[in-house]
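Participant: Here is a sequence together with a model predicted from it:
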Amino acid sequence: MTVVGSASNSALALKQVGELRPDVVLVDVNLGQESGFDLAERLLRGGNRRHPAVILTSSYSEDDLADLIAVSPAAGFLPKTALSSSAIRNILAARR
């Protein structure tokens, strides 16, 4: 896997996704005063253009966020302690 960008806020993330067109976007659910859940929805909304797979991540446990994860359009969730290329590939494979 190759990291092609990083962003410190939603506006920059949306801009970079539009420019860089990554296959996968990792989104921290806690973006300070912004919501990673809102960013995931914005990344996946609209038109027929190709969307990246969005995977949510957090230092909080999945149990703490279960209700929000369940209604999110994201492909999946990985706690930061489990974040790895193989875990990302597993989520992507489950989508097929």
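Facilitator: Everything's here; your move.

Participant: Give the partner strands of the helix or strand of the chain with the lowest mean pLDDT in its sheet and their orientations.
Facilitator: Of the helices and strands making up the chain, the lowest-confidence element is strand 30-31, at a mean of 92, by mean pLDDT, DSSP states H and E. Partner strands and pairing direction for strand 30-31 (DSSP bridges) are strand 34-35 (antiparallel).

Participant: Give me the contact list for the partner strand.
Facilitator: Among residues not part of strand 34-35, those counted as contacts by CB atoms under 8 Å, 6 or more residues apart in numbering are 9-10, 29. (Each C-beta comes from the backbone N, C-alpha and C, glycine too.)

Participant: Which of those residues ranks first by neighbour count?
Facilitator: Comparing these on neighbour count, Val29 comes out first with 22 neighbours (neighbours: other CB atoms under 10 Å).

Participant: For that residue, list the residues it contacts.
Facilitator: Applying CB under 8 Å, 6+ apart, the residues near Val29 are 35-37, 56-58, 60, 65, 68.

Participant: Swap in 6 Å and give it another go.
Facilitator: For Val29, the set of contacting residues under the criterion of CB atoms under 6 Å, 6 or more residues apart in numbering consists of 36, 56, 58.

Participant: quick one: which of those residues sit in strands?
Facilitator: 56, 58 (DSSP state E).

Participant: would JSON lines of the contacts of Val29 with distance to Leu43, neighbour count and pLDDT be doable?
Facilitator: As requested, the contacts of Val29 are exported to JSON lines (distance: CB to CB, whole Å; neighbours: other CB atoms under 10 Å; pLDDT from 0 to 100):
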{"residue": "Gly36", "distance to Leu43": "10", "neighbour count": "23", "pLDDT": "96"}
{"residue": "Leu56", "distance to Leu43": "11", "neighbour count": "24", "pLDDT": "98"}
{"residue": "Ser58", "distance to Leu43": "16", "neighbour count": "19", "pLDDT": "97"}
